[in-house]
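**Student:** Only the shape, not the letters, is given here:
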């Protein structure tokens, strides 16, 4: 979901924290920097309210017709574990300081995940092929690392996917004001082309890299969508409708789910008995009902892991 779809509630900040007034950045750059200030203030800098309507004209990147990108990011602590097979090392102590990191490096660079079922090759901001061992040795004593997946909805139309990932990471570096050490691998083994990115959890000065929760939740995805829209242009109405149709039976958190959760009443229930319940188009209203039916019927006739859905409101949904 793009940042232009959010409305900004009033946020009170001291003058010295007002990045928009004090920095030399353009308004959009200053906004993303402010998103990352939450880690310094230890409280949310901006609150968001999903309205589904673009705000402030074209000041912020993207709009309802912009390209959609799924971004998943997790902070993972480097775990010590005696595992002699990690990264194909002979000594268990060599990988013991961050065995989970070495295993993930091996996973994203595994054979068969790359283009034409070849091995996925690791790359970074400057090199087309790097050794996973080198990045592991750089990060093995760090406290943590970040694991990220970037999957544009129309990634198959991006000619230079590595260049796209480099562009996204460059914008993230500018927003954070930090030089990042990272590696990535592009996977072609699913219906959607996607990239796995590992970001080192330490800065150049030796301090731990901390990224604000707001920037992780909104900023990174918005930067990825911004660049994808620049490369591919805005989506047509037909593309938007097909995208919504795919969400009806998707085994992931979707925009339909977020809309449903935002419409729940105090008893955590939602009434969809009318033909038009939320003032949206007939197509969108039918998609919402289709999503609700899916969660009711899928555990009976479809994938069993639907039962493990993370949405707390699903137990109170009624089908029509």
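**Tutor:** Perfect, thanks for sending it. Here the structure is a predicted model, which is why all the values come from computation and not from measurement.

**Student:** Without its sequence neighbours, what residue ends up closest to residue 200?
**Tutor:** Distances taken as C-beta to C-beta, 6 or more residues apart in numbering put residue 181 closest to residue 200, at 3.9 Å, once the chain neighbours are dropped. Every C-beta, even on glycine, is put in place using the N, C-alpha and C of the backbone.

**Student:** same question, residue 155
**Tutor:** Using C-beta to C-beta, 6+ apart and skipping residues adjacent in sequence, the residue nearest residue 155 is residue 193, 3.9 Å away.

**Student:** hmm, back to that, please tell me the pLDDT value assigned to the residue nearest to residue 200.
**Tutor:** The confidence metric pLDDT takes the value 95 at residue 181.

**Student:** give the contact list for it.
**Tutor:** Remark: with contacts taken as C-beta atoms under 8 Å, 6 or more residues apart in numbering, residue 181 is in contact with 124, 135, 138-139, 199-200, 202.

**Student:** so residue 186 sits in a strand?
**Tutor:** Yes - assessed with DSSP: H, G, I helix; E, B strand; the rest coil, residue 186 lies in a strand.

**Student:** and it, what are its bridge partners?
**Tutor:** Beta-bridge pairing for residue 186 (DSSP bridges): residue 195.

**Student:** Please identify the helix or strand for the spatially closest residue to residue 67 that is not a sequence neighbour.
**Tutor:** Take residue 67 and drop its neighbours on the chain: the residue closest to it by C-beta to C-beta, 6+ apart is residue 228, 3.8 Å away. Per DSSP states H and E, residue 228 falls inside helix 220-232.

**Student:** just checking, what packs against that helix?
**Tutor:** Other helices and strands packing on helix 220-232, by 3 or more C-beta pairs under 8 Å, 6 or more residues apart in numbering; DSSP states H and E, are strand 69-77, strand 144-152, helix 161-176.

**Student:** what about those, which gets the closest to residue 271?
**Tutor:** Within those, the stretch nearest residue 271 is strand 69-77; the backing value is 29.8 Å (C-beta to C-beta).

**Student:** And the nearest residue to residue 249 once chain neighbours are set aside, how far from residue 189?
**Tutor:** For residue 249, the nearest residue in space outside its immediate sequence neighbours is residue 294; the separation is 5.1 Å by C-beta to C-beta, 6+ apart. Plainly put, residue 294 is 25 Å away from residue 189 if you go by C-beta to C-beta, to the nearest Å.

**Student:** Quick one: mean pLDDT for the longest helix belonging to the chain?
**Tutor:** Among the segments of the chain that qualify as a helix by DSSP state H, the longest is helix 282-301. Along helix 282-301, the predicted local confidence has a mean pLDDT of 80.

**Student:** Mind listing what's buried along that helix?
**Tutor:** By 16 or more other C-beta atoms under 10 Å, the buried positions in helix 282-301 come out as 284-289, 291-295, 298-299.

**Student:** Throw those residues into TSV and include distance to residue 112, thanks.
**Tutor:** Shown next, in TSV, are these (distance: C-beta to C-beta, whole Å):
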residue	distance to residue 112
284	39
285	42
286	39
287	35
288	38
289	39
291	33
292	37
293	36
294	31
295	33
298	29
299	32
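
**Student:** Show me the two of the residues you listed that sit farthest apart.
**Tutor:** 284 and 299 (24.8 Å).

**Student:** Enumerate every residue touching residue 235.
**Tutor:** Contact partners of residue 235, counting by C-beta under 8 Å, 6+ apart, are 65-68, 154, 243.

**Student:** So among those, where is pLDDT lowest?
**Tutor:** By predicted confidence, the contacts of residue 235 are weakest at residue 65, whose pLDDT stands at 81.

**Student:** Contact partners for it?
**Tutor:** Shown here is residue 65, whose contacts under the criterion C-beta under 8 Å, 6+ apart are 234-236, 240.
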